[in-house]
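*Asks:* could you look at this predicted model? Sequence included:
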Amino acid sequence: MLLIPCPYCGLRDESEFSNRGEVVVRPDPDAASDAQWVQYLYFRNNVRGWQSEYWVHTHGCQQLFVVRRHTLTQQIERPA
Amino acid sequence: MAKIPFPVRFSAAQLLRAGLNRSWRWPQLWRTPQPKRAYQVVIIGAGGHGLAAAFYLARDWGIRDVAVVERGWLGGGNVARNTTVVRSNYYYPASAGFYQRSVNLFEGLSDTLNFNVMFSQRGILSLAYSPHELNAMARQVNALQLNGIKAQMVDRAEIQRRLPLADLSPQARHPCLGGYFHASGGTARHDAVAWGYARAADALGVDILQGCEVQGFEMRQGKVVGVRTAAGTIGAHRTAMAVAGSSSLVAAMAGVALPVVSHTLQAFVSEPLKPVLDTIVMSGLHHTYASQSDKGELVIGGDSDPYTSYTQRGSFSLIERTTVGLLELFPSLSRVRLMRQWGGTVDLTPDRSPIIDRTPVEGLYVSTGWGTGGFKAIPSGGLALAHLLACDRPDEHSTAFSFDRFARSALIDEGAASGVAH
Amino acid sequence: MDRLRRSQPLAACVPISLPTLAVRPLPQATLTELRGGLAFREDPAFRQLPDQPGRSRDHGSWRANWLRPDGWLLIDATPSPTAASQTFAAAAQNRWCRLVDLSHSLVGIGLRGAAARDLLARGTPLDLRPQAFGPGCCTRTRCADFTVLLDHRAEGIEAYVDAPLAQALWNWIADAAEHLAQ
Amino acid sequence: MSEPFRLPGHTGAALAFSFDGMALTGRSGDTLAASLLANGIHLVARSFKYHRPRGILGAAAEDPNSIVGLGSGAHAYSDTATCVELTAGLEAHSLNTWPSLRWDSGAVLGRLSRFLPAGFYYKTFFWPHWRWYEPPIRRAAGLTVVPVGRDPDRYDRAHRHCDLLIVGSGPAGLSAARVAAASGLDVIVAEQNSRFGGSLLWEALAIDGADGRVWLQQTLHELQRYPNVTLLSRTTVTSYLEHNLLLAVEQAPGAGRWRQRLWQLRARQVVLATGAAERPLVFPDNDRPGILLASAVRYYISRHRVAPGRRIVLATNNDDGYRTVRVAQEAGLEVLAVFDSRADAAIESPGVPVHRGAVIVATRGHHRVRAVTARTLDARQTWTLACDTVAMSGGWNPAVQLFSQSGGKVTFAPKAAAFVPGQERQGTIVAGAAAGTGSLLQCLTSGFAAGAKVLAQLGLEAPPARNWRAADLDDHIEALWRIPASLAGAAKQWVDFHNDVTDGDISLAAQENLQSVEHLKRYTTLGMAPDQGKTSNVNGLAILGELTGRSPGEVGTTTFRPPYLPLSFGVIAGRATGALFRPTRPLPTHVQQQQCAAELQEYGAWLRPAYYRQAGEDMAAAIAREIHAVRNAVGLLDYSPLGKLEIAGADALEFLNRIIASDLTTLKVGRARYSLTLDEEGTIIDDGVITRPADDLLVMGTTSNAATRLRAVMDEWHQRECPQLEVWISDVTTQWAVLLLTGPRARAVLERTDLDIDLAPRAFPHMTIRTGTLGGVPTRIARVSFTGEVSFEVSVPAGFAPALWQHFMEGSRDLGLTPVGIEALDVLRLEKGFLHVGGDTDGTTTPDDVGYGAMVRNKKSDFIGRRTLALACANRSAALQLIGLRPVDGGRPLAVGAQLFKAGAPRTSGAGHVTSSAWSPTLAQPLALALLARGRSRVGERLLAWHDGAARPVEVIEPLRHDPAGALLNG
Ligand SMILES: Cc1cc2nc3c(=O)[nH]c(=O)nc-3n(C[C@H](O)[C@H](O)[C@H](O)COP(=O)(O)OP(=O)(O)OC[C@H]3O[C@@H](n4cnc5c(N)ncnc54)[C@H](O)[C@@H]3O)c2cc1C
Ligand SMILES: NC(=O)c1ccc[n+]([C@@H]2O[C@H](COP(=O)([O-])OP(=O)(O)OC[C@H]3O[C@@H](n4cnc5c(N)ncnc54)[C@H](O)[C@@H]3O)[C@@H](O)[C@H]2O)c1
Ligand SMILES: Cc1cc2nc3c(=O)[nH]c(=O)nc-3n(C[C@H](O)[C@H](O)[C@H](O)COP(=O)(O)O)c2cc1C
Ligand SMILES: [Zn+2]
């Protein structure tokens, strides 16, 4: 059970949050090619190491924010 | 099909001879060979799939100039840490054919490999707790029956007979409405599957190179021509990756992006118990499944962890959730103790079906996406990967599991249709 | 037709009374969710709100709990229209903010006594030590299977929960209270 | 005679207990193991594979042997006798023996052991088939008998945060606690034993010139005075998880309201002072009852005043073992000899013959050791001694399990011949024997240093360094991992006592090229028993190292995993069992539902009426009656679970239009519009009606149980994709109860209320919404229909719903008002051919599949899922489309889930299936909807529907509809 640093509520137990996967940017749907769109839908970097990812403080302030987490050590970078 | 030149064939008689003759010595299960400069085929990852593919390449295609390159100890990845459920109750014909072939191969695997993999078809019981679940189950069972796979709806009395420990009383928090039994499902000894394939492949001349991590690819004109390892460069005509949870990492070394994320999947065992559970039981409502091993521990699993990780460790909340479900199902296990928990890193595709295909880079092949359920697929997946490597095209059972299906929106999403896991 | 009478979800619950803990359903109050955007920050009423996340602000007859950067819960013991909603009426009129009545959606349970924290700690992973969560603090968190809003007032901690789950939370509290002793 | 082996000086009260039915007496303050030994009972169990007699080996958690059954009936469980506190009336019994512990038939397997080497089962049992062998193997396996019935005990759970968690209360732990306590930190000390003090409770240790127990009492006194210190005894830390979360199980001191409590301890800093466990020596037949760890012998004598035996032989490879000699002698026991494997051991032991360079090469005695034979390593000299106890010391294993679980690396320290903590990962500090520190002085100072380091890390001032007068001798050890074969002959040397792993098994593994320690473990099962190899792992891997020319450090350890000690499933689940497992959500009118004889069932988490019982009716009759009422009079349903999301703010419409599939730009105030919600892959995840009660407010109706999820989806979408829009989303699902009136007389019912809304069809047509006051309270009324009849969804603040329900029921009985359940509602909508998301759709269904292709095509702006549906590469030619079915063979409804296939063609799954089906009382025929590949182009085709082993002929049709033109809706 990780401690997730919510920018508003501080360090809270993982069970209050939902993880929404690594940060991906939604391409402009009108400009994106099919291939780009498929890339956005299904392909992920899936790194072993530091990853920027979305968390939502579901059972708290309901805010979505980005956390940097190390996928091998589970260290989390404290936001400055 | 070649006969396998084992140094010694295993049998009861051989055990007897060895016991009587104290100076006689069992040979090595496999060698520790020196890597050659190059092989016809290099397979990265000595897990179940890598080892099985090497074996079938050598036995069925006569391709014995093969190395399986493993970063740790052979059979130490997910094949060492899975809950050993083997089943073929898949909904779509593409999956059903593929996994039924695997079950068929499992049935003869101990003989094939001359190694007891303890495949035990004790059947799988899935439980339903709402009319909606019952309907979904009926849909699944009817599909299985059409595909020629053993499956039968069962009523509460039958469930109670098979699960004497289950609380099916109306007082239970969720009264069970019924379920279905998949008689050809079962368990096999996970380590034995890896070791059996390794020993047989080795006997056929395959070099298994342990402690030899692949750190990059040798590329020539955009084509993979070998692997760079801790022990130097090893050339290869064709290279396959069968590295499960590490798929994205190895693929990235060749510049290939995969539709895969790696999550932790956990499991745990109880202290050894006198027999209490003869079949495998699964309950979606309880997020739990369990079986009892021949040594007596209950082997228990649940859902995968909700975020990516390479740690082989998971979050306690999943253990908690699985346990709470387990106790609702079997309240009298409350005083039984959890002995050990662990995790593996599973390779999940968006539709949770595997990919067995060429990659966009010439010379590089991939078998991945086995996720939370690839143990059962080892024989069939090994056969498929061997075919792909030998013929440069997938066999009839794996064409659907292509790399480009995502681009074509031709997903094979078993979960979307049925909601069963593992 | 008579005016419709209002029913209370926890009406039948007997308050729990232990040497170190008293639990009771809170009397009906007016609960209003306040939402506001950037423009709202310029409104004088905005200054009535707590100035930090995780804090509440007491105005005597009503209080404002921080819920999220653009959301607060106004708790007013008096029936509507309340002092609380009047404070923000003008801003709401200007559409700088919005008031949503949740009086029927949330049910409050009051916990008092030295063991109130111990009891909640049986379900919530929150750091409940006084230095981390003392009077004037409020937060939404998880307690057992429930999402609760904890409002630490001077006299004790109040827990608000989605109305259909109020009875279940009450049962959970009663069960946990049994384990407090010993 | 009672307690023949009890030594004078025990102050505990006598307690009656039993073992295998024998009535015995022990003392309070004892462990079960101590009381058994006091009664001269060593044999307590049989080993797993060969059923070898097993005695008590250790003092505490490390013991691999003494797992016994405890209690009976629903109270039964198993635990290790060395960890069980003796209580009055405790019933203990041996496990998995037949007919008895002393005469156990399973022991014949020991005779066959040469045919059953490690992993033998991989080499045989597959001819003719494994299924012939497996059943007897399963019957023989396993230890614990699972109790019957629900656990009568309860379990507690609690979270706790602290600045510093100290695990272990020996000299190291307590001295760390003292430092931290004085500085005001919030400190928790967790100790698995019933008493604090660790080794101070039983080792003869002097601190500052006095007995160590004096220091212990002073320290405990001091700590108890600090309000910022919590001392938890009987509390075993089992798991060290991420971000300094540790799990601990507290054992209730006696019978009470809870049996065990699970602590989830979140600490800023952790000090592990978990001590060390002694290793057995590996020599031939070292597994007999009466052969104990040397430290355990001291422990039983000093702490429990129990003599494990009267004639003791000590075997050791280190100085520390010699302590046992003095302790035994002081207790008046005879120490016959010391066999020290070190030829040059310098240590002396007055009054006992010490044989240096000598090892035990054989032992005798079946249920209890009776004699040992020892020999010098050069084989020149041999002794045979009759004895009743062997104390053995093979060195110490620091208890690094928790450290390793935390992600710390362990390294091999050759001097101590032990694995010690190396690089930490979570800032963990290890102190005392757990850090490989030998002497008492070092334990005290390392504990102090740990406390000081914590203070420094938290930015507090550390107190000045302290000094103690205490022993500071280094323990000399010269590892001897097993007896050379030249001395041992063919006799087995046991490594894992529980799982019967011998040095020969390890040799076999090495010979078969299982060189990795992980292979060794899995091939031999070394360390896989409930004790998890606390006494066996290091010996085993060191022997493997010897066999393969590697140091123990090069071989390495296997992975330490939680839990450190087994923990019950019950304590993990805590109170989330029975009624507290997944709470249900009652309707606002729950009481009224019960009064109306509703058959309440769980739909999602909501308890809703499936149908209403009436005398003489079965479920089908009840449903038919309710449907009849709706079609001919009026039905009433508490529809409150229907999700309601309010979307407001300047950009509400713009925002919602980016979410859902239908076009909202033309939605006027007061109007309602049906829409689908998709995920980004274009799959339908929900449907519902969106209303616009006011200019600046949209209310999105969702299916029951979907509101929470959709609110989150939209909120996140807003924050991530378009934070510049001003939108406020509020979930008001439980604020507003909804009572649905549906049927030709619905208006008449509503007319009998105090309502300020004009109900005339003109003023209030189908697909509109009105707000007003009803019975003096605010209301929102929507005219949307899922049944095809005139319907009013009447919303009032939830607390008013019971009164309103009452008002409807009492005031409109003459109109035929009938409460209607979910099952009837489902048939009513099927009679209209309306879609049921989740039933008629699955995780692959897109809008076009269910006939809403135009909704998507006609919308010109982006929304979730749109781009994916427009992928040119997507091939949806085989997509399943929703159509109707008619059974050709008569009136029985089809089974939901029946699979469709074409007669004559190869049978395969997935080409189509029945999604909804029921008998329609209104149309007097069976109705069915199905998803069928290219279904819309196949109307008229004949197919077979497969269910439960039989195929029924069906015809593909346009879905049948009651009132196809929808004339009734506008009534
Ligand atoms: C807890 C758990 C329970 C499961 N339960 C079931 C179940 O009941 N039924 C079922 O069918 N499936 C189950 N699975 C899934 C199944 O275990 C996997 O899908 C399957 O084992 C994966 O295939 P594999 O054996 O080839 O992978 P692995 O055994 O993981 O093999 C991959 C190998 O590649 C090696 N490797 C990785 N990177 C490199 C590199 N750079 N160089 C060299 N080598 C490398 C790894 O060390 C590893 O040995 C479960 C998985 C887990 C974790
Ligand atoms: N070579 C050595 O390392 C060695 C050998 C023998 C004796 N000693 C002596 O042993 C003493 C060591 O002192 P110490 O304070 O380090 O250890 P200790 O053995 O005195 O205390 C450790 C305590 O930790 C507790 N504990 C262990 N694991 C636990 C867990 N998971 N949860 C809760 N409690 C747990 C034990 O019950 C014990 O009370 C010294 O007196 C030293 O001289 C050291
Ligand atoms: C089917 C199965 C049964 C297991 N049974 C046991 C067991 O009886 N005892 C044990 O200690 N571990 C058991 N394990 C767990 C392993 O010890 C180990 O944790 C697992 O293979 C993962 O490896 P790792 O913990 O070394 O990472 C079992 C694992 C599996 C997959
Ligand atoms: Zn937050």
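*Replies:* Yep, that arrived. Ligands and ions are numbered 1, 2, ... in the order given.

*Asks:* CA atoms for contacts and neighbours, from now on please.
*Replies:* OK.

*Asks:* residues contacting residue 70?
*Replies:* Because you didn't say which chain, this covers chain A. Applying C-alpha atoms under 8 Å, 6 or more residues apart in numbering or on different chains to A:His70 gives the contacts A:Arg48, A:Gly49, A:Trp50, A:Gln51, A:Ile76.

*Asks:* to clarify, I was referring to chain B.
*Replies:* B:Glu70 is in contact with B:Ile44, B:Gly45, B:Ala46, B:Ile208, B:Leu209, B:Gln210, B:Gly211, B:Cys212, B:Glu213, B:Val214, counting by C-alpha under 8 Å, 6+ apart.

*Asks:* try it again with 6 Å
*Replies:* Residues near B:Glu70 by C-alpha atoms under 6 Å, 6 or more residues apart in numbering or on different chains: B:Gly45, B:Ala46, B:Leu209, B:Gln210, B:Gly211, B:Cys212, B:Glu213.

*Asks:* can you tell me how far it sits from D:Gly198?
*Replies:* 45 Å (C-alpha to C-alpha, to the nearest Å).

*Asks:* for chain C, what helix or strand is lowest in average pLDDT?
*Replies:* helix C:83-93 (a mean of 91; mean pLDDT, DSSP states H and E).

*Asks:* report whether the very next helix or strand once past that helix contacts chain D.
*Replies:* Following helix C:83-93 in sequence order, the next helix or strand is strand C:97-101 (DSSP states H and E). No. Using C-alpha under 6 Å from any C-alpha of the partner chain, strand C:97-101 never reaches chain D; the gap is at least 7.6 Å.

*Asks:* so for strand C:97-101, mean pLDDT?
*Replies:* Mean per-residue pLDDT for strand C:97-101: 96.

*Asks:* sheet-wise, list the partners of it with their directions.
*Replies:* For strand C:97-101, the paired strands and their directions (DSSP bridges) read strand C:30-36 (antiparallel).

*Asks:* what packs against the following helix or strand past the strand it pairs with?
*Replies:* Going down the chain from strand C:30-36, the next helix or strand is strand C:56-58, by DSSP H and E. Contact analysis of strand C:56-58 by 3 or more C-alpha pairs under 6 Å, 6 or more residues apart in numbering or on different chains; DSSP states H and E lists strand C:62-68 as its packing neighbours.

*Asks:* helices of chain A, start to end?
*Replies:* Remark: helices assigned in chain A by DSSP state H are A:34-42.

*Asks:* tell me where the model's unsure across chain A.
*Replies:* For chain A, the stretches with pLDDT under 70 are A:79-80.

*Asks:* next: chain C.
*Replies:* C:80, C:181-182.

*Asks:* which stretches of chain B form helices?
*Replies:* Ranges of helices within chain B are B:12-20, B:48-60, B:93-107, B:109-113, B:131-146, B:156-162, B:190-203, B:247-253, B:316-329, B:378-391, B:414-418, based on DSSP H.

*Asks:* deepest of those helices, which one?
*Replies:* Mean neighbours per residue, mean count of other C-alpha atoms under 10 Å in any protein chain shown, is largest over those for helix B:48-60, with a mean of 29.

*Asks:* how far does it sit from its chain's centre?
*Replies:* Centre-to-centre, helix B:48-60 and its host chain are 14 Å apart (C-alpha atoms, centre = their mean, to the nearest Å).

*Asks:* what's the helix or strand for the closest residue to D:Gln593 other than its chain neighbours?
*Replies:* Computed as C-alpha to C-alpha, 6 or more residues apart in numbering or on different chains, the closest residue to D:Gln593 that is not its neighbour in sequence is D:Pro609, at 7.3 Å. Element membership of D:Pro609 [criterion: DSSP H and E] is strand D:606-612.

*Asks:* and D:Leu164, by the same measure?
*Replies:* Per DSSP H and E, D:Leu164 falls inside strand D:155-167.

*Asks:* is that strand positioned near chain A?
*Replies:* No. Strand D:155-167 lies apart from chain A when judged by C-alpha under 6 Å from any C-alpha; the minimum separation is 10.9 Å.

*Asks:* which strands or helices does the helix or strand just after that strand pack on?
*Replies:* Where DSSP H and E defines the elements, the next helix or strand beyond strand D:155-167 is helix D:171-182. With contacts taken as 3+ C-alpha pairs under 6 Å, 6+ apart, helix D:171-182 sits against helix D:440-457.

*Asks:* with that, I have no additional questions.
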